[in-house]
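return a 3D structure for these sequence lines:
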Amino acid sequence: MITGVQDVYHEVQDMRRALAFYRDLLGLRVTDESEDWSAFDVGGVRVGLDSTEGKPTPKRAILTFKTTDIRADVKRLRAEGVKFVGEIGDYPWGSVVVFGDSEGNLLKLMQPLKEPKPLPPSTRETRNPGPRFLRRRRHEGLGRRRRGA
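Residues are numbered from 1 along each chain as shown. Predicted coordinates:
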């Protein structure tokens, strides 16, 4: 089932230059940053930059819909006559497929990997103590032992 917009993104030739424009000039908050993909939160919508590694870009925005079951949605849309460009691609970050709308615009459908469930508070402290827990333990004399002690 399609549940919302995953992201809207532009393809960019120079990621550093594009990041500077969107972050520094437009003042957008960066949520992801790498040489290949960077993203910003714009009022709850993820706006992304996808690197073409210097190759010319077609100067278009790409709308990606988020789904909870990409395979069921592809089957349903194919049954309605929607044309797909290739098959579903499965990647470490999720699954994606490209399809065309009634006017020939390309759209994407993406199923992100499911987020792992957070640990309950009682196990979170024992598995990953964090700075506050370690400071408390040191204060109680239970911190790191000195060498030779």
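
look up how far residue 82 lies from the closest residue to residue 68 other than its chain neighbours.
Leaving out its chain neighbours, the residue that sits closest to residue 68 by C-beta to C-beta, 6 or more residues apart in numbering is residue 1, at 5.4 Å. To be clear about C-beta, it is placed using only N, CA and C from the backbone, and glycine gets the same treatment. Taking C-beta to C-beta, to the nearest Å as the measure, residue 1 falls 16 Å from residue 82.

so between the two, which is more surrounded?
A direct count of neighbours by other C-beta atoms under 10 Å for residue 1 and residue 82 places residue 82 higher, at 16 against 9.

wait, doesn't that one sit right on residue 100?
Yes. Applying C-beta atoms under 8 Å, one finds residue 82 in contact with residue 100, separated by 7.3 Å.

what's the neighbour count on residue 97?
Based on other C-beta under 10 Å, the number of other residues close to residue 97 is 21.

which residue is the nearest non-sequential neighbour of it?
In space, residue 97 is closest to residue 88, 4.5 Å off (C-beta to C-beta, 6+ apart).

so how far is the strand or helix carrying that neighbour off the chain centroid?
Following DSSP states H and E, the helix or strand that holds residue 88 is strand 84-91. Relative to its chain's centre, strand 84-91 lies at 17 Å (C-alpha atoms, centre = their mean, to the nearest Å).

give me the sheet partners of whatever helix or strand comes next after it and which way each runs.
Next helix or strand after strand 84-91 toward the C-terminus (DSSP H and E): strand 94-100. Strand pairing for strand 94-100, using DSSP bridges, gives strand 84-91 (antiparallel), strand 106-112 (antiparallel).
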